[in-house]
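return atomic coordinates for the entry below.
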Amino acid sequence: MMKNKSTLAKLLAEEDVFVIHKQMETAYFDSKKRELGLPIWKDEEMTGDIYDLMVCHEIGHALWTPLDMLEKAAVRKINHS
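A predicted model of the protein is given here:
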């Protein structure tokens, strides 16, 4: 399943983003490294729909979040959590 989700993410992003699967609480997208991190959860917690939701949400950042957004937020002292 992970390989299929990685391929889906790359197709949606329209670029060869680096996809990493690891034990973590949630998904992320690193705009500078062009890295999509997807969590590995227990099967009963990670349905296909939840996985697709995370992939699509983070790919939205890949497509539309400006690279300097976090830097601008830090200058304005906006909490990014």
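
show me where this protein has helices.
Taking DSSP state H as the test, the helices found in the chain are 2-13, 48-64, 69-75.

any stretches of the protein with poor pLDDT?
Residue ranges of the chain with pLDDT under 70: 80-81.

ok, which of the helices of the chain comes nearest residue 22?
helix 2-13 (10.7 Å; CB to CB). Heads up, the C-betas are built off the backbone N, CA and C, glycines and all.

list the buried residues in the closest one.
Residues of helix 2-13 classed as buried under the neighbour-count rule (16 or more other CB atoms under 10 Å) are 5, 6, 8, 9, 10, 12, 13.

now the closest residue to residue 54 other than its chain neighbours: how far from residue 43?
Among residues not flanking residue 54 along the chain, residue 27 sits closest, at 4.0 Å (CB to CB, 6 or more residues apart in numbering). Per CB to CB, to the nearest Å, residue 27 is found 17 Å from residue 43.

cool, residue 65 as well?
Taken as CB to CB, the span from residue 65 to residue 43 is 30 Å.

higher neighbour count, these two?
Taking neighbours as other CB atoms under 10 Å, residue 65 and residue 43 compare with residue 65 leading, 13 against 7.

how about the closest residue to that one other than its chain neighbours, what does it touch?
Closest residue in space to residue 65, ignoring its immediate chain neighbours: residue 31 at 5.8 Å, by CB to CB, 6+ apart. By CB atoms under 8 Å, 6 or more residues apart in numbering, the contact list for residue 31 reads 61, 62, 65, 66, 67, 69, 70.

and with 10 Å instead?
Applying CB atoms under 10 Å, 6 or more residues apart in numbering to residue 31 gives the contacts 61, 62, 65, 66, 67, 68, 69, 70.

please apply the same query to residue 14.
Contacts of residue 14 (CB under 10 Å, 6+ apart): 59, 62, 63.
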